[in-house]
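>>> The sequence and its predicted three-dimensional model are supplied below.
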Amino acid sequence: MTLRVQELQRRGVLVRTNKSFGQGGATLPGPIAAILALLCVFLIVSNIVLITGLLKSRQRFEASQHTESGNQFSMLSGQNVAGSPVTVRYSSTGPSTLMLVFAPGCRPCMANSDNWKVLLQVADTNRTRVVGVSLESHIPADYVAQIGLANYLVLIPDIENVLDYRFRMTPQTILLSPSGTVEAVWSGLLDSFQLAEIKRAILGAASMGRSALRQDSLH
């Protein structure tokens, strides 16, 4: 039997495994071993493809959970800090809207307030309407002033608007056209490039068309 096995091994019909079972070891036919090896490679590649697909699906899902460029809205309604109902309406003959989305409990929002204050200084109120949007119903008395919105409308949106606008994260800086189309969304802390980009946009620079505006990824 040993001579027979050795002869088969010599011809490549049998291969000896690295692990031994008992004292005599174990052997597998060469073609079967090759098939098993190919199967292992296939399973590894399949897992990689599956994981990659899941990651891409997650990224698409997360992106769909936020307001995006091109979204169209007719109004934004809710309550002001005094609790009175208020509605922001869009019109093709009206101003653009710069929406600053925050939450009093959001530390990055406070850190981003210096950037927002720069935008408020350059915004022409005849051409750009500034609206603060709080995703928390309780706003400390001095918080609005601290982030620079004391002289602007601050609105706590109705739940329907939270869902429609897909307000999910803070801080966000959103620019809408006069007719209510989202031109661009900047999520997270603004860097110097983004700040300059928004300044050009709200100043209405002729060279800054809608195609030049970009929606940044989640910091």
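Right, received. Where do you want to start? Everything numeric here is computed off the predicted structure, so don't read it as measured data. Residues are numbered from 1 along each chain as shown.
>>> For the rest of this, base every contact and every neighbour count on C-alpha atoms.
Noted.
>>> give me the number of residues near residue 199?
18 (other CA atoms under 10 Å).
>>> That one: what secondary structure?
helix (DSSP: H, G, I helix; E, B strand; the rest coil).
>>> how does the chain divide into domains?
2-64, 75-212 (automatic domain parsing).
>>> Please, which helix or strand holds residue 97?
Per DSSP states H and E: residue 97 is located in strand 96-102.
>>> Highest mean neighbour count out of the domains of the chain?
Across these, averaging neighbours per residue (mean count of other CA atoms under 10 Å) puts domain 75-212 on top, at a mean of 17.
>>> Report the inter-axis angle for the helix or strand just after the strand holding residue 97 versus strand 96-102.
Next helix or strand after strand 96-102 toward the C-terminus (DSSP H and E): helix 107-122. Angle, helix 107-122 to strand 96-102, by axes from the mean of the first three to the mean of the last three CA atoms, to 10 degrees: 160 degrees.
>>> elements contacting helix 107-122?
If you count contacts as 3 or more CA pairs under 8 Å, 6 or more residues apart in numbering; DSSP states H and E, helix 107-122 packs onto helix 192-202.
>>> do that again at 6 Å, thanks
Using 3 or more CA pairs under 6 Å, 6 or more residues apart in numbering; DSSP states H and E, no helix or strand is in contact with helix 107-122.
>>> got a markdown table for the domains of the chain, with mean pLDDT too?
Putting the domains of the chain into a markdown table (pLDDT from 0 to 100) gives the following:
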| stretch | mean pLDDT |
| --- | --- |
| domain 2-64 | 62 |
| domain 75-212 | 91 |
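>>> so residue 147 makes contact with residue 113?
Yes: when contacts are counted by CA atoms under 6 Å, residue 147 is listed as touching residue 113 (4.9 Å).
>>> Can you tell me how far residue 123 is from residue 151?
Computed with CA to CA, to the nearest Å, the distance linking residue 123 and residue 151 is 13 Å.
>>> Please disregard the earlier target; I meant residue 43.
Residue 43 is 62 Å from residue 151, by CA to CA.
>>> before we move on, what about residue 182?
24 Å.
>>> hmm, back to that, what angle sits between the strand holding residue 97 and helix 192-202?
140 degrees.
>>> who does strand 96-102 touch, helix- and strand-wise?
By 3+ CA pairs under 6 Å, 6+ apart, strand 96-102 packs against strand 128-134, strand 172-176.
>>> what's the closest of those to residue 49?
strand 172-176 (33.6 Å; CA to CA).
>>> which helices and strands sit right next to the closest one?
strand 96-102, strand 182-187.
>>> Give me every residue in contact with the longest one, excluding its own residues.
By CA atoms under 6 Å, 6 or more residues apart in numbering, the surrounding residues in contact with strand 96-102 are 109, 128-134, 170-178.
>>> Enumerate every residue touching residue 109.
102, 171.
>>> how close does residue 171 get to residue 178?
On the measure of CA to CA, residue 171 and residue 178 end up 22 Å apart.
>>> An error on my part: the question was meant for residue 101.
Counting by CA to CA - residue 101 and residue 178 are separated by 18 Å.
>>> And residue 125, by the same measure?
13 Å.
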